[in-house]
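here you go, sequence then predicted model.
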Amino acid sequence: MRVYNTLSSKKEEISTLNPHKVNMYVCGPTTYNYIHLGNARPLVVFDTVRRYLAFRGYEVKYVQNFTDVDDKIINRAREEGDDPLLLAQRYIEEYFKDADALGIKRADIHPRVSQHIPEIVAAIQTLVEKGFAYEMEGDVYFRVRAFHDYGKLSGRSLEDMLAGARVEVDERKENAADFALWKAARPGEPAWKSPWGEGRPGWHIECSVMSTNYLGDTLDIHGGGSDLIFPHHENEIAQAEALTGKPFVKYWMHNGFITVNNEKMSKSLGNFFILRDILAQYPADVVRFYLIATHYRSPLDFDDGKLEEARKALGRLKTTLLLAAEFLNDDLPQAAEIKGKALDFVGAVANYRNEFIEAMDDDFNTAKAIASVFEISHCINSYLAAANRGDAMDQAAVKAAVAIYQELGDVLGIFMKQAKNEETLLAGVLEILVWLRKEARTARNFALADNIRDFLKNLGISVEDGEHGSRLRYEESPQIDELMVYLLSLRQEFKAHKDYARSDSLRDKLKEQGIILEDSREGARWKFADV
RNA sequence: GGGCGGGUGGCGAAGAGGCUAACGCAGUGGUCUGCAAAAUCACCAUUCACCGGUUCAAAUCCGGUCCCGCCCUCCA
């Protein structure tokens, strides 16, 4: 496996400290509001990296921090008249809602700055003792000049930085590039006791301390957005290596940015899209698909059309799952041996699986890996078109192929089950049944009307006909699948009697409710419109 | 100004010296179908920002030019 290492600016063969394990640290959010799509990219990217490493047999230890002590949190809290730590806590909870919805596996540890103050203070003290830091009126600064490798990650020298300095330099600092490790408390801010008086940690020190605290002096992989390379990650290296004297990180991974109209999506530009607003419109796996259809280091431009395209593309992949599920019949015996055409088919699928692995092994090339998934989708679709549902060998072959297909889709996290909106869909389907019954009664087709009522009664749903239409009463929610099976059997009846007007209007009604019908030889299958 | 990365069909996006320049979206034609959808088969870049160079061979390497993004300030 190879990974692009920002530190060396090239792809390197991955060789972890322990051959079977990977230690991974990813910079998490500063929790002062909801996360936006740009924040979601590293989440999905590194979640995919993690899944893939696990797929390749690594035991992954994953740590992601929360910055819950920070200027922006304090400012926000002040605006809202809230306590900074409580506000941060609230947005951590909101963060988890979003991340869970996106199918992001929780980190093994989610450390917070506020819970690691003693360790941070101790680290700063050591840095002062070693001559890497100095105190100044209650502030403590890192002495950049004392750390000779400073700039090795971002590829710039101290001179470069000073040449381009856009910030007003604090005259008290020994060097303009020195950065704060500890900030003296100002009134009304959260503060902790320290040898330099009351104060709070600077932004960079938390990551150095918490990552090494949980993962050891040297991490295998450290990830984050590419805007963190300088100064954040550069400073992390300086702090950690000054502390331990050992290399801090073996492989630095940085994801590219999401842009809107070719401008970085950011809070300061105001051109950001809140993740949960997007998730209200598009299923999570569509969002994941969109985010990994481009290589993680490339910039990714966002507009509505992109998600729409992702939805269509992913819908194609999921149709294969649907077609296969319809074909597979667990009641039939399976052939012990797969040979001939069936063997060629399974072989082709296995071959694309290898291509998938090759692509992912090469710096997590998800875009290329997805191409292999599409190839498998094609293989399965075409095989299905000619396969015989009663053939034991066909059954076995399709089952084997689908297992591979599902496995790869799961590694990418793009085959999520859609549990959401079940309630709405259910209500919609019931409404259609009521409508159908009303039509039948108007046409004096009482056989059909009664049939519908009896069916509903069997499910524990009573129909009450009143002046203004019919009402349904039920204690327990019926299974939407049962309703659909019944509805489709009615439609088959209509079609058998060449009553296309009615079968088509039924199809249209379902479409309005977000359920799409596709007729096939065996009957009709249904799927949700949003994927 | 300094550092980093990039410009590939109508659109998105892989490819990083030599196979027909993947894959997806959109589009066109055929099969299937009562219709639609889905699926399927076929077609859809002689050319990879531009100009030079290296090489038997360049989208891929080198030099130059023009554009674009990111970082140098909090940001994923």
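Nice, thanks for sending it over.

show the subsequent helix or strand relative to the lowest-mean-pLDDT helix or strand in chain A.
Least confident helix or strand, chain A: helix A:158-163 with a mean of 67, by mean pLDDT, DSSP states H and E. Next in sequence after helix A:158-163, counting helices and strands by DSSP states H and E, comes strand A:180-184.

how about that next one, does it reach RNA strand B?
No. Strand A:180-184 stays clear of RNA strand B (Cβ under 7 Å from any atom of the strand), getting no nearer than 9.0 Å. Every C-beta, even on glycine, is put in place using the N, C-alpha and C of the backbone.

need the residues that contact that strand.
Strand A:180-184 has contacts (Cβ atoms under 8 Å, 6 or more residues apart in numbering) with A:121, A:124, A:127, A:133, A:137-142, A:194, A:196-202, A:204-205, A:239.

what about those, which are in helices?
In helices, defined here by DSSP state H, the members of the contacts of strand A:180-184 are A:121, A:124, A:127, A:204-205, A:239.

related to what we said a few turns ago, just the buried subset of the contacts of strand A:180-184, please.
A:121, A:124, A:127, A:133, A:139-142, A:194, A:196, A:199-202, A:204-205, A:239 (16 or more other Cβ atoms under 10 Å).

which stretches of the stretch 51-200 of chain A have low pLDDT?
Along the stretch 51-200 of chain A, segments meeting pLDDT under 70 span A:160-171.

hang on, the earlier thing: near RNA strand B, from the buried ones among the contacts of strand A:180-184?
Okay, of these, nothing touches RNA strand B (Cβ under 7 Å from any atom of the strand).

how about the strands in the stretch 151-300 of chain A?
Ranges of strands within the stretch 151-300 of chain A are A:180-184, A:199-201, A:219-225, A:249-255, A:258-260, A:263-264, A:300-301, based on DSSP state E, counting those that start in this stretch.

which one of the ones you listed has the lowest average pLDDT?
Comparing mean pLDDT across the strands of the stretch 151-300 of chain A, the weakest is strand A:263-264, with a mean of 84.

list the neighbouring strands of that strand plus their orientation.
strand A:258-260 (antiparallel) (DSSP bridges).

contact partners of the strand it pairs with?
Counting by Cβ under 8 Å, 6+ apart, residues outside strand A:258-260 touching it are A:37-38, A:41, A:264-265, A:271-273, A:299-303.

what is the nearest of those to RNA strand B?
Distance to RNA strand B across the contacts of strand A:258-260 (Cβ to the nearest atom of the strand) is lowest for A:Gly38, with 2.4 Å.

hmm, that closest one is touching A:Asn255, no?
No. Using Cβ atoms under 8 Å as the test, A:Gly38 is too far from A:Asn255 to be in contact (9.9 Å).

neighbour count winner among these two?
A:Asn255 (27 against 24; other Cβ atoms under 10 Å).

so what's that one up against?
A:Asn255 touches A:41-42, A:45-46, A:223-226, A:296-297, counting by Cβ under 8 Å, 6+ apart.

what does A:Arg525 give?
A:322, A:326, A:517-518.

6 Å instead, please
Residues near A:Arg525 by Cβ atoms under 6 Å, 6 or more residues apart in numbering: A:326, A:518.

any idea whether it is helix, strand or coil?
Secondary structure, DSSP: H, G, I helix; E, B strand; the rest coil: A:Arg525 is strand.

bridge partners for it, pull those for me.
A:Glu518.

quick check: it vs A:Lys498, distance?
A:Arg525 is 22 Å from A:Lys498, where distance means Cβ to Cβ, to the nearest Å.
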